[in-house]
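**Q** Below are the sequence and a predicted model; questions follow.
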2 protein chains.
Amino acid sequence: MKQKKDSKDYIKYINEALDAMHYPDQPRGLYDPIKYTMQCGGKRLRPMLLLAVADVLGLKPEHAVKQALGIEMFHNFTLLHDDVMDRADMRRGNPTVHVKWNEATAILSGDAMLTMASQLMSDCPDGKLKEVMAMFNKTAMEIYEGQQYDMDFETRDDVTVAEYMEMIRLKTSVLLGCACAIGAMLAHADTSVVKAFYNYGLSLGLAFQLQDDLLDTYGDPSVFGKKIGGDILNDKKTFLLITALERADASQRGEIESLYGQRSDEKVARVKAIYDSLNVGDICRKHISAYIADAISHLDTINLSGDAREFFVELAESSSDRKS
Amino acid sequence: MKQKKDSKDYIKYINEALDAMHYPDQPRGLYDPIKYTMQCGGKRLRPMLLLAVADVLGLKPEHAVKQALGIEMFHNFTLLHDDVMDRADMRRGNPTVHVKWNEATAILSGDAMLTMASQLMSDCPDGKLKEVMAMFNKTAMEIYEGQQYDMDFETRDDVTVAEYMEMIRLKTSVLLGCACAIGAMLAHADTSVVKAFYNYGLSLGLAFQLQDDLLDTYGDPSVFGKKIGGDILNDKKTFLLITALERADASQRGEIESLYGQRSDEKVARVKAIYDSLNVGDICRKHISAYIADAISHLDTINLSGDAREFFVELAESSSDRKS
């Protein structure tokens, strides 16, 4: 790879490796949905992080690509099963597997993706195997816990911001930390460097999820790719809603609660007006900036070249610039 | 353990280890269904095989118990998810997880059980890790393929006995082979011994599944534990039905096909009468005996003490004696 790092180069490398992956022909009912899921696109953020960390620490991408594919396979498995649990019909503009095929197919193909992810992860030097698998499996357990808390929150009306942050740490952020940490492990980094990159990924993941929450309500409809206000329509317990409920007076809280279950554009406008009056958008932006600063502070404990540092700083800062 | 091997001793050891397993307290929605599933009983055949093989090859049970628990956790994960896919309401006399809780819980708890199984499997000496994980993950993929074929068979009316045997090899038998092989690997056995024990488990598994098919139609209602004839009522493509269809004349085939979808005691009696006239019960019994002989022939390639050989021979022979 050229000296100046570019995330597009890593993503191109990953997409080529994904295209070159071999799947058995039979039984088609098991493998077709896996191919479909893996080829439905996505940002490839997690494998990109894994490759980039390995690369800046001196490991060639071909020695980390199996684990990069493994982490992407795992991520897509969680999306596939989450879509069944949440009864979501569309993902990245395509029908979800349980809609295109059926629910049994979605469950079984997802199970196979988890095992395939484990196989890809295990395909590493013997001396790194235990450490890599321990990190991967621990992270997987945390992600299931995060998904469980997310589902629990649906029927609770007293979720605190702290509980929400812990939920997104588990459900989303640890996988970014895990991707960075495994990249560092494979490159034979010291424990302190593995840990610093893990923490970088964790803070990046928190910023990333808060930006997701922000865009869903405050994004630009022309570039966001989904309908603005979906979270409000679905009464989703996001950072914005929980922060608003914590700060609302009795009348504002009553208004928000009276709108639960409704699905109109007027609802989106009214809830957004309350958010605006309580400044929850700005509060969210401040938290995003703080997590980005956290991410960068972890980088500063690692001895990196100027180019490498710049790459990861830009990546963190772009979390708050992104529009989709 | 005492010199003369007894499967009950191994099972007691496993059940005590299962009872002593630690699960996190929170989130309860994730871990309660896992505890429930693991405590709902079962024959513990797979972990028993793993411990027994390790033991006769000189490895103490405490050095194989993690993997024994891992294989039982994996087996229970497959049952949990299969029950969702098959919409089964009861398992071992208890409501299934998706009935007692809900479907999302059953999917997510199952996912966590697969990862926990992988964690337990990985908890072995570094030098054995790659080999153990490769065997475990390969077996898991085969089991998903078997489940997919089993589901595919539901909508096909031209399934051959050979296809059926391949399906049960994948869905059921490879896990018994895997249990035996991992027990041997952990005990530092030569590749040829690992392979012979794998093949022993595989043949045992085929005999075991055919005995399941036989008992469902020809079992003794007072000891079988489930209603006799369930497979016939559900038009399940078992060894008996497929063999009957292969041997039936046009009128018998027409009678069987005319009964599909019905759910009466009369249906069970009429299909069973056709089975009897075609001798499919005897054909099944002969196949069971042949697989038991196969299993024993694999044992004979291994240098075992008289007691050890006797244990595995008795275990194989008891497959065709068992009533439930």
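**A** Nice, thanks for sending it over.
**Q** Which residues of the stretch 1-150 of chain A lie near chain B?
**A** Residues of the stretch 1-150 of chain A lying near chain B by Cβ under 8 Å from any Cβ of the partner chain: A:24, A:26-27, A:29-30, A:81, A:84-86, A:103-104, A:107-108, A:110-112, A:114-116, A:118-119, A:122, A:126, A:129-130, A:133-134, A:137, A:140-141, A:144-145, A:147-149. (Each C-beta comes from the backbone N, C-alpha and C, glycine too.)
**Q** let's see it at 6 Å
**A** A:27, A:29-30, A:81, A:85, A:104, A:107-108, A:111-112, A:114-115, A:118-119, A:122, A:126, A:129-130, A:133, A:137, A:140-141, A:144-145, A:147-149 (Cβ under 6 Å from any Cβ of the partner chain).
**Q** Those, buried ones only, as a ChimeraX selection?
**A** The following ChimeraX line selects those of these that are buried, judged by 16 or more other Cβ atoms under 10 Å in any protein chain shown:
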select /A:27,29,30,81,85,104,107,108,111,112,114,115,118,119,122,129,130,133,137,140,141,144,145,147,148,149
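**Q** Which ones among the residues of the stretch 1-150 of chain A next to chain B map onto helices?
**A** The members of the residues of the stretch 1-150 of chain A next to chain B that map onto helices under DSSP state H are A:29-30, A:81, A:85, A:104, A:107-108, A:111-112, A:114-115, A:118-119, A:122, A:126, A:129-130, A:133, A:137, A:140-141, A:144-145, A:147-149.
**Q** and A:Ile228, what does it touch?
**A** A:219, A:221 (Cβ atoms under 6 Å, 6 or more residues apart in numbering or on different chains).
**Q** Looking at it now. What's its pLDDT?
**A** Per-residue pLDDT puts A:Ile228 at 91.
**Q** Taking the stretch 201-324 of chain A, what residue is nearest to chain B?
**A** Across the stretch 201-324 of chain A, the shortest distance to chain B (Cβ to the nearest Cβ) belongs to A:Lys237, at 14.9 Å.
**Q** Now that residue: which helix or strand?
**A** According to DSSP states H and E, A:Lys237 maps onto no helix or strand at all.
**Q** Isn't it up against A:Asp157?
**A** No - using Cβ atoms under 6 Å, A:Lys237 is not in contact with A:Asp157, being 8.9 Å away.
**Q** and these two? which has more neighbours close in?
**A** A:Lys237 (20 against 10; other Cβ atoms under 10 Å in any protein chain shown).
**Q** any idea how far B:Leu202 is from the nearest residue to the more buried one once chain neighbours are set aside?
**A** Take A:Lys237 and drop its neighbours on the chain: the residue closest to it by Cβ to Cβ, 6 or more residues apart in numbering or on different chains is A:Phe153, 4.5 Å away. A:Phe153 is 46 Å from B:Leu202, where distance means Cβ to Cβ, to the nearest Å.
**Q** Of the two, give the one with the bigger neighbour count.
**A** For A:Phe153 versus B:Leu202, neighbours defined as other Cβ under 10 Å are more numerous around B:Leu202 (24 against 18).
**Q** Kindly confirm my reading that the more buried one forms part of a helix.
**A** Yes - if the criterion is DSSP: H, G, I helix; E, B strand; the rest coil, then B:Leu202 is within a helix.
**Q** Leaving out sequence neighbours, find the closest residue to it.
**A** Using Cβ to Cβ, 6+ apart, the nearest residue to B:Leu202 is B:Gly177, at 4.0 Å.
**Q** Likewise for A:Gly42?
**A** Distance criterion Cβ to Cβ, 6+ apart; nearest residue to A:Gly42, sequence neighbours excluded, is A:Arg92 at 6.4 Å.
**Q** where's that neighbour relative to A:Asn76, distance?
**A** Distance, A:Arg92 to A:Asn76, by Cβ to Cβ: 10 Å.
**Q** quick revisit: quick check on the residue nearest to A:Gly42: phi, psi?
**A** The phi/psi pair for A:Arg92 (degrees, to the nearest 10) reads phi 50, psi 40.
**Q** tally of neighbours for it?
**A** For A:Arg92, the neighbour count with other Cβ under 10 Å is 13.
**Q** Quick one: low-confidence residue ranges for chain A.
**A** Residues of chain A meeting the criterion pLDDT under 70: A:1-3.
**Q** What segments of it are strands?
**A** With DSSP state E as the criterion, chain A has strands at A:90-91, A:94-95.
**Q** possible to save these as a markdown table with mean neighbour count?
**A** Formatted as a markdown table, the strands of chain A follow (neighbours: other Cβ atoms under 10 Å in any protein chain shown):
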| stretch | mean neighbour count |
| --- | --- |
| strand A:90-91 | 15 |
| strand A:94-95 | 14 |
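**Q** what's near enough to touch the residue nearest the centre of chain A?
**A** Most central in chain A under Cα atoms, centre = their mean is A:Thr172, positioned 4.6 Å from the mean C-alpha point. Contact analysis of A:Thr172 by Cβ under 6 Å, 6+ apart lists A:205, A:209.
**Q** before we move on, what about the one 10 residues further on?
**A** Applying Cβ under 6 Å, 6+ apart, one finds that A:Ile182 lies in contact with A:50, A:67, A:132, A:135.
**Q** shouldn't A:His298 be in contact with A:Gly201?
**A** No - here A:His298 does not reach A:Gly201: they are 8.9 Å apart, not a contact under Cβ under 6 Å.
**Q** Neighbour count: those two, which is higher?
**A** Neighbours were tallied for A:His298 and for A:Gly201 using other Cβ under 10 Å; the higher tally belongs to A:Gly201 (31 against 21).
**Q** correct me, but that one touches A:Leu175?
**A** No - at 8.2 Å, A:Gly201 does not count as touching A:Leu175 under the criterion of Cβ under 6 Å.
**Q** for stretch A:241-255, which positions count as buried?
**A** A:241-245, A:247-248, A:252-253.
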